[in-house]
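Asker: have a look; sequence and predicted model below, questions after that.
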Amino acid sequence: MPDPMPGASVRDARLDVLRGLALVMIFINHVPNTAWEGWTSRNFGFSDAAEGFVFMSGLAAGLAYSGGFRRASLWPAITRVWGRAWALILVHMTVTVIALGLTGAAVLWWGLPGMAEINNVPPLLADPLAGFLGLALLSHQLGYMNILPLYAVLLAVTPALLWAALRAPLALIAVSVLVWLVAGSLRIAPPTYPTESIWFFNPLSWQLLFVLGLASGTAMKQGRRLVPVRRRLVALSAVVVLGIMVWALWDDLGARLNAGMFALRDTWLPDFLFDYDKTFVSGPRLLHFLALAYLLSALPIVRRACAHRAAWPLAVLGRHGLTVFALGTVLAFAGQAVKLAGLRVGLDRDLALDTAILIAGLGLQLAVAMVRERAAGRQR
């Protein structure tokens, strides 16, 4: 939903900066129980950085690939999208193996058996052969490693989505909303194996955020907005965002509002519309994210802040999102091991230790992103 870019060669700084900010918050949340996780976006509303990451992934796909689907020959454009999807799968598999290696090292070399009891590792130890098959099929995902399989599945169907977005964007969004409603109402989601559960990020539900981003990116590529800036919409979005922030931060008021919302959930209405379920992108989460996304895209101050040189580190992280996310996932596992080691000496939510873990992890991610940035500059 951001404003159109001035030209095809101009990159909107907001996409890079906001994606970089989402990656920072994802990393912080993936090293749980730190003193800093209370300051990430999920504590000030119903949605979190995951919604932003998926939406902006769709936005980036619309910007990057929609031009190829306006040509007579579609096969080169299709193979380009599928090549990216395959790259995501390879990155996911690589990161999974490294994370399992870190888990093994933490248990065998550093005496931290607790690492084998978290992150969905126990099913692999209980039945390794079934676990290996589940990993290969993407039906068994380690903890905090659920986004890339979702992203790969969504990219696999992106050619069809782009074809529809270029011809009938409103119809595409209507179908996407219908799929979201049916999946949430009937609890339809891909199963996991060997554990009997469902995908944490249900593609049938999360596709709505991706499609909205894809339609927005396709519109931006054509020099227009999917949803125009209107003062009333800006005011309404601000009221929703601020109201939900008060709801989330004011415990007594939040408890009363939750009680009223859960009463609606217990009626004949679809329950996922009135809870905080992340798997099915519940109604409150979706409402909060859409209001926040529209507000950020419409306010001029956001554009100016993202274009400021002080936002450059976030922009670099955002421009190399896949590399940063993969490295951040591995470093988060290492950070979890350090946290477990700290618990043995009584350092639970220790500000100094938590700060050191996060600064070291984010610093390494920024350093790698800067190397990638310089290499990309030399290629250009």
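Answerer: Now that the structure is in, tell me what you want to look at.
Asker: in the helix or strand containing T79, what's buried?
Answerer: Element membership of T79 [criterion: DSSP states H and E] is helix 75-108. Applying a neighbour-count criterion of 16 or more other C-beta atoms under 10 Å, one finds 77-78, 81, 84-85, 88-89, 91-92, 95-96, 98-100, 102-103, 106-107 buried in helix 75-108. All C-beta spots, glycine's among them, are computed from the backbone N, C-alpha and C.
Asker: in the next helix or strand after that helix, what's buried?
Answerer: Scanning forward in sequence from helix 75-108 by DSSP H and E, the next helix or strand is helix 122-126. Neighbour-count burial for helix 122-126, with 16+ other C-beta under 10 Å as criterion, is recorded at 123-124.
Asker: likewise for stretch 286-306?
Answerer: If you call a residue buried by 16+ other C-beta under 10 Å, then stretch 286-306 has these buried ones: 286-298, 302-303, 306.
Asker: list the helices and strands the helix holding T79 packs on?
Answerer: helix 49-65, helix 147-156, helix 158-167, helix 321-344 (3 or more C-beta pairs under 8 Å, 6 or more residues apart in numbering; DSSP states H and E).
Asker: now the ones you listed as TSV including mean pLDDT, distance to L181 and mean neighbour count?
Answerer: What follows is the helices and strands packed on helix 75-108, written out as TSV (pLDDT from 0 to 100; distance: least, C-beta to C-beta, whole Å; neighbours: other C-beta atoms under 10 Å):
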stretch	mean pLDDT	distance to L181	mean neighbour count
helix 49-65	97	17	24
helix 147-156	98	18	23
helix 158-167	96	18	21
helix 321-344	96	29	20
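Asker: so which of the ones you listed is nearest Q207?
Answerer: Across the helices and strands packed on helix 75-108, Q207 has its closest neighbour in helix 147-156 (6.1 Å, C-beta to C-beta).
Asker: now could you export just the CA positions of that closest one as PDB?
Answerer: The C-alpha coordinates for helix 147-156 follow below in PDB (Å, rounded to 0.1, in the frame of the first residue of the first chain):
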ATOM      1  CA  ILE A 147       8.700 -18.500   7.800                       C
ATOM      2  CA  LEU A 148      10.900 -19.700   5.000                       C
ATOM      3  CA  PRO A 149       8.800 -22.800   4.200                       C
ATOM      4  CA  LEU A 150       5.700 -20.500   4.100                       C
ATOM      5  CA  TYR A 151       7.500 -18.000   1.900                       C
ATOM      6  CA  ALA A 152       8.700 -20.800  -0.500                       C
ATOM      7  CA  VAL A 153       5.100 -22.200  -0.800                       C
ATOM      8  CA  LEU A 154       3.700 -18.700  -1.500                       C
ATOM      9  CA  LEU A 155       6.400 -18.000  -4.200                       C
ATOM     10  CA  ALA A 156       5.500 -21.300  -5.800                       C
END
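Asker: buried residues, the host helix or strand of A369. List them.
Answerer: Per DSSP H and E, A369 falls inside helix 351-379. Within helix 351-379, the residues that qualify as buried are 353-354, 357-358, 361-362, 364-366, 368-369, 372-373, counting by 16+ other C-beta under 10 Å.
Asker: closest to L181 out of the residues you listed?
Answerer: The closest of the buried residues of helix 351-379 to L181 turns out to be Q365 (C-beta to C-beta; 37.2 Å).
Asker: doesn't A326 make contact with the closest one?
Answerer: No - counting by C-beta atoms under 8 Å, A326 is not a contact partner of Q365; they are 9.7 Å apart.
Asker: least confident secondary structure element in the chain?
Answerer: Lowest by mean pLDDT, DSSP states H and E among the helices and strands of the chain is helix 351-379, with a mean of 94.
Asker: I'd like to know which elements that helix is packed against.
Answerer: Packed next to helix 351-379, using 3+ C-beta pairs under 8 Å, 6+ apart, are helix 13-30, helix 312-319, helix 321-344.
Asker: between those, which one is closest to V240.
Answerer: Smallest distance to V240 across those (C-beta to C-beta): 18.5 Å, for helix 13-30.
Asker: angle of that closest one against helix 147-156?
Answerer: Regarding helix 13-30 and helix 147-156, their directions subtend 140 degrees when assessed with axes from the mean of the first three to the mean of the last three C-alpha atoms, to 10 degrees.
Asker: find the nearest non-adjacent residue to P113, please.
Answerer: Nearest in space to P113, with sequence neighbours left out and distances taken as C-beta to C-beta, 6 or more residues apart in numbering, is V107 at 5.5 Å.
Asker: ditto for T103
Answerer: What sits nearest to T103 in space, not counting adjacent residues and going by C-beta to C-beta, 6+ apart, is M115, at 4.9 Å.
Asker: do G328 as well
Answerer: Once flanking residues are discounted, G328 sits nearest to F27: 4.3 Å by C-beta to C-beta, 6+ apart.
Asker: for that neighbour, give me its contacts.
Answerer: For F27, the contacting residues are 328, 331-332, 358, 361-362, 365, by C-beta atoms under 8 Å, 6 or more residues apart in numbering.
Asker: that one and V17: what is the separation?
Answerer: In this structure, F27 and V17 are 16 Å apart, going by C-beta to C-beta, to the nearest Å.
Asker: no further questions, thank you.
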